[in-house]
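Colleague: here is the input, now give the coordinates:
(chains A, B and C)
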Amino acid sequence: MTRLALVIDLNKCILCHACTVSCKIHHDLPLGQFWNEVFTVGPSGEFPHTSLYGFPKACMQCDKPACVSVCPARATEKDKETGVVKIYEDKCVGCRSCIVACPYGARAFDETKGTTFKCELCPERREQGKQPICVETCVGGARVFGDIDDPNSEAYKIVHEKHAVRYLEHLGTEPCTSYVPA
Amino acid sequence: MIVATGNETQASSITSAQFNTNTSQTRVYIEGDEKKGGYIASHCLQCVSNCGLRAFVKDGKVRYLEGNPLDPNSRGRMCAKGQAGVQQIYDPDRVKNPLERVGERGSGKWRDISWDEAMQKISSRLRRLRDSGHPEQFVFYSGRNMQAGYTTRFTNAFGSPNHFNHDSLCASGRQMATLLTYGDTWPQMDIENARYVLLFGFSAFDAGICFVPAAQRLVNALSKGAKLVVVDPRLSKTAAKASEWISIAPGTDAALAMGIMNVIVSEGLYDREFVEHWTVGFDDFVEKELKRFTPEYASSICRVPAEKIGELAWDFATTRPAVADAMRGVSAHTNGTVSIRAVMALNVLLGNIDDIGGMNLDFGWWNIGLGAVDPVPPAPKETRRLDRLGTSQYPLAAVPIQQQILPSIAERDPYPADTVMLYHSSPAYAMPDPKKQMNILKNPDKVPFIISVDPFMGESTTFADIVLPEGTYLERYDAVSWPYSLQFTPYVFLRKPVVPPQLESRMVKDILRELAHRIGGGMEQYFADDAVAYHRKEIEGITNGPSWDEIVKNGVWVAPAKRETQRFRKNGFFTPSGKIELYSKRMDDAGFPPFPTYVPVATHDAERRQQYPFCLITYKVAMHNQSRTANVPFLVEVMDRNYAEINPKSAASLGIRDGDEVYVESEIGRIEGVARLTNEIRQDTIAISHHFGHWEYGRVAKGRGISPNPIVACNDDGIGAPAAFNSTLVRVYKKLK
Amino acid sequence: MKRRRANTWDIRIASYLFLAGVGAGAFGSLALLDYLEGGKLHLPTSITALLSLLLIGIGTLLLVSDLGKPLRFWRVLLNPMSSMLSVGAWILILFALTMLGYLGFGGPVFSLGGVVFAIATAGYTGILLGVIKARPFWNSPALPLLFVTSAFSTGIAVVTVLASALVIYGLDAQSSHLLSQVDLCLIVAELAIIGLYLTIMNNSAAPAARSVEMLLRGKQANTFWGGLIFAGLVVPLVLALASSEGVTNLLSSILVLIGGFSLRYTFLAAGTRALLPGEPAEASYL
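Modeller: Presented below is the predicted three-dimensional model:
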């Protein structure tokens, strides 16, 4: 099976926010809406033992997506071919159940369009054989995109060699996006 | 083809439209086409890094930008500022058409005028000035315009030596220090191959001359196991990623560097062969300066424990390759140049100069020249300038001293100015003590005529008599041979308009060319070519260079040259002695410290500290550039304001809580901001970032956050003359409701 | 440029949850009492069925108008088993049809059917939230129970209010007294459930404890304490103990309705999710 996802190395994130802004420009997102964001973890600890790092939040492209099971219009699904959690804009009724249900806050409602959107790992770029824009532009090279089921992919190697972790697994969402801990 | 002769009647037949370079001939698509949409190569200029980009253009509109993987320096990556460049092209707050002032200077009352009227007015004034025999009274007051070849061509043809850039606001202390020490203005670390990187006041993850190129290489080095030590009073993003953060007292970096060198030399850890053959004055340096900087003595100044200094020295000297560098954090002090010489000396002791993983030189080494565009105007007869450079006040400075331009104009020192053309520069906002600058700008007796070429209504532009709207960096041409490749092979790039200049804006090259033709009197002969023809000659004139079509399409051309290291072994260094000058005769002769050493910050004296207990430091972030992105909505979204940052313990002693409104006050004034309590900062230091505190520039920018500049006193070290943005002492107190 | 929270479920959804509850509770409580009392009382069930229909209708309109694409609401009905929301939509329709049936034909089938669907309607609003695992504060079988209790309590209250205002509503003194006695029990039950609910949640997952904090001391504290506990439960309780006559009864019922709305509003708003590293707490609010 193919499961496209991101592996994000927190050691390489320099908190430059290029991923967030590139995504917003590429997808012409309105103000206040984000498909990916970088959280600043910290500063924690007392001076001079202060630490701080970035946590780039992305859609987790879950295998058991909480957003899909609450959709009353069957407008969102886990794509069988790619493993990407997709939204069909023409089917979405804009009830925002999925936004409430997503444990990662990965979805956003576009008020002018009346429907919900999320990161689908830049299908228009993948068609051209390119990487998602956030991956391509990531200054620190923290974001790696690939098929996490393909042992030859860089993503697979990082997931396994660097012991990437997944977040909020206890909710049973089986997220595909994983993180190399800082 | 217009042939103007300077004759009034012929000149009046000129129209502005004739001088607009046709940009369609260079809008060549790498992929796709105009109808379906496609990619056009150009280069970013949000900051100095000049990263290669590809703009996706559809229906005549830029939709997004992405990195150009052909660029050997940025390697296809772009930061948030670069990505957001689209929002500057289509910023609704852009100046739409030429404006003429109708009210008092700075009153904000304007009249729309046509380009023809504006150019007629400006050219007749400049023609009169030139005919009167005082062309030097024209001042081209510029910033990092990346087309100095062309703009200097204009001032030279006009006859004025007063073409200035912003270097003294940047890191001219580093430029001067490396020039004096290595004979090179902008050496670059081979950061990707270093195994130990020691940075002083240098946040490679926030800014720098090669931000995106250096940041990605430093990350690579770190993931290969390199050790990174960052010396900074504030936990920069780089310090946060470092193996170790040395939270040094502001302005004392040189003491630490000297302490480290003291250990390296006394333990015999330095490269004897290199020091013996390639340096001047080593023994005297050790005897007269280094000896007294024992770890204990250095520690008493910089507050880094003596054991730690010893540990750093051992690690630094025994890990190869290792490299040390310093940037604006050290440079922008009243001891900037001398302090950076101390940091640069660290590299000398390791003998890592121009080597893999070391400090690599550029100037005069491999920077490939662009072709000349003949005829080239002669240098102006008048050599005295309006920035005090070369006077007894600045005997050594090698780059323009921007903070002195308006003051010397006001004092008519050495002569008055008639017309100032502002371009890519904003003295009313971006300078220490901007009020002083503003008062001069405001006064028509001091500055009779001001022209501002600016896409936005910037703070300084509000004082202009005529405003000429320029296109943004994505609407203009520049051909640049870029010497700061971190791959250490030469390359050339062509910035070009990805869309024609928007609204009624024009490129500055077209503006200057038209002025040259309207002024006439021989000036026009230097401006026969429009921007495309001009750059084509530059590109085609490169020895074994690219074809014009190739660089137009790809945006960049990398010379087929292999990296060379230790080139000094063939040619020596470009210093007077041909060696690295630990002893600088030029410094000695000018009465400055001849050896790298620590000199206390002039303004950090005990008496002042009584009244003003905090050092104010200023910094940049990765999401904004100098003063130009505060109106970009998506960048404001990721960082929407700045704060007066204070250590929680210091704040507690002052009764300040997080989010309180506070005054930060120095000897020259006070600003009002919001306190942010954070352990990212020392207890004796206050940090305020740049980028915010605009009172003009657009609806998003206006009134957002604070600028530290109004309380930064205008000082410098008199050597490289870096404006001392980090040397001001302040006090902080709560605003009473 | 202040960062906005994700546009999710706001006061419109809280109003819908409330109206669906009141509507279901009004007919449900009266029909149930009528059945339990063996028809001895002359409870105004028919006009209440009309009232329920009206309240459910308004609630549904609110729900549809809250959709980003209201004209696509039929997609929700076409995919009945896709989600709790679709199931709920059908329960609403079935409840409405039962009300129409009762109004047209009367009789115990529609009456008892009405009671069943009333409980389903009120209960489903709790299940709708309860199935959302991301927000642990809602993940309790006690939530539907609480919402059903509140639905019946507010249902009685709305009948009392309307009957006081409109003579034609036809609620006699005896029935009115009985209703207020029942409501008194429901209020006590509700207080007990809320107390237990918060105690359990406070000791469960971190986000749920954060929700409790939000209700007791945080962002929702004013509405929780003022609207729900004090105005909506404690004062009506005291009033009901003091007297069940006229104005007191009316005032008490109005307060119960305020309490019912506050319950939906605060419990909805307090449903926060777990935070990712560095995520600001506001990002998890509804």
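
Colleague: quick one: low-confidence residue ranges for the stretch 1-150 of chain B.
Modeller: Using pLDDT under 70 as the threshold, the predicted model of the stretch 1-150 of chain B has low-confidence ranges B:1-12.

Colleague: please redo it, this time with the cut-off set to 90
Modeller: Counting by pLDDT under 90, the stretch 1-150 of chain B contains low-confidence ranges at B:1-13, B:31, B:33-35.

Colleague: now do the contacts for B:N97.
Modeller: Residues in contact with B:N97, defined by CB atoms under 8 Å, 6 or more residues apart in numbering or on different chains, are B:D112, B:I113, B:S114, B:W115, B:P469, B:L503, B:E504. Glycine gets a C-beta too; all of them are placed from N, C-alpha and C.

Colleague: apply 7 Å and report the result again.
Modeller: Taking CB atoms under 7 Å, 6 or more residues apart in numbering or on different chains as the definition of contact, the neighbours of B:N97 are B:D112, B:P469, B:E504.

Colleague: just confirm the second one contacts B:L99, I think it does.
Modeller: This points to B:P469. No: look at B:P469 against B:L99 with CB atoms under 7 Å: they stay out of range, at 8.1 Å.

Colleague: more neighbours: these two, which one.
Modeller: For B:P469 and B:L99, the more surrounded residue by other CB atoms under 10 Å in any protein chain shown is B:P469, and the numbers stand at 25 against 22.

Colleague: okay, that one: pLDDT?
Modeller: B:P469 is assigned 98 on the pLDDT scale.

Colleague: same thing with C:V247?
Modeller: Turning to C:V247, the model gives it a pLDDT of 86.

Colleague: buried sites along the helix or strand hosting it?
Modeller: Per DSSP states H and E, C:V247 falls inside helix C:246-269. Taking 16 or more other CB atoms under 10 Å in any protein chain shown as the basis for neighbour counts, the residues of helix C:246-269 that come out buried are C:249-250, C:252-269.

Colleague: what about the longest helix in chain C?
Modeller: For chain C, the helix with the greatest residue count under DSSP state H is helix C:173-202.

Colleague: chain neighbours aside, what residue packs nearest to C:L63?
Modeller: For C:L63, the nearest residue in space outside its immediate sequence neighbours is C:Y16; the separation is 4.6 Å by CB to CB, 6 or more residues apart in numbering or on different chains.

Colleague: got a list of contacts for stretch A:122-137?
Modeller: Contact with stretch A:122-137 is made by A:6, A:18-19, A:22-23, A:26, A:36, A:121, A:143-145, B:66-67, B:76-78, B:83, as judged by CB under 7 Å, 6+ apart.

Colleague: quick one: mean pLDDT over it.
Modeller: Regarding stretch A:122-137, the rounded mean pLDDT is 97.

Colleague: from the chain's centre, how far out does the helix or strand containing B:F634 sit?
Modeller: Taking DSSP H and E as the definition, B:F634 sits inside helix B:633-638. Relative to the chain's own centre, helix B:633-638 is displaced by 23 Å; criterion: CA atoms, centre = their mean, to the nearest Å.

Colleague: is there proximity between the helix or strand that it is followed by and chain A?
Modeller: Once helix B:633-638 ends, the next helix or strand along the chain (criterion: DSSP H and E) is strand B:644-646. No: shown here: strand B:644-646 not in contact with chain A (CB under 7 Å from any CB of the partner chain), separated by at least 10.4 Å.

Colleague: check which helix or strand covers the closest residue to B:E524 other than its chain neighbours.
Modeller: Of all residues not flanking B:E524 in the chain, B:H517 sits nearest, at 4.6 Å (CB to CB, 6+ apart). Element membership for B:H517, per DSSP H and E: helix B:508-519.

Colleague: so which bits of chain C are right by chain A?
Modeller: If contacts are counted using CB under 7 Å from any CB, the residues of chain C sitting beside chain A are C:1, C:3-4, C:6-9, C:67-69, C:72-73, C:75-76, C:79, C:82-86, C:132-134, C:273-274, C:276-279, C:283-284, C:286.

Colleague: buried among those residues? Make that a PyMOL selection.
Modeller: This is how PyMOL selects the buried members of those, with burial counted by 16+ other CB under 10 Å:
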select buried, chain C and resi 1+6+7+8+9+67+68+69+72+73+75+76+79+82+83+84+85+86+132+133+134+273+274+276+277+278+279+283+284+286
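
Colleague: return the helix or strand in the chain with minimum mean pLDDT.
Modeller: If you meant another chain, say so; for now it's chain A. When the helices and strands of chain A are compared on mean pLDDT, DSSP states H and E, strand A:108-110 comes out lowest with a mean of 94.

Colleague: chain C, not that one
Modeller: Ranked by mean pLDDT, DSSP H and E, the weakest helix or strand in chain C is helix C:235-242, scoring a mean of 92.

Colleague: how much space between B:M523 and chain A?
Modeller: 42 Å (CB to the nearest CB, to the nearest Å).

Colleague: revised request: answer the last question for B:E244.
Modeller: 10 Å.

Colleague: my read is that that residue contacts B:V229, right?
Modeller: Yes: using CB under 7 Å, B:E244 is in contact with B:V229, at 4.7 Å.

Colleague: ok, these two, which is more surrounded?
Modeller: Between B:E244 and B:V229, counted using other CB under 10 Å, the more crowded position is B:V229 (20 against 15).

Colleague: would you map the helices across the chain?
Modeller: All of this refers to chain A. According to DSSP H, chain A carries its helices in the segments A:18-26, A:66-69, A:97-101, A:123-127, A:133-137, A:154-161.

Colleague: let me rephrase: I mean chain C.
Modeller: Under DSSP H, chain C gives helices at C:11-36, C:45-66, C:74-78, C:84-105, C:108-130, C:142-165, C:173-202, C:206-216, C:221, C:235-242, C:246-269.
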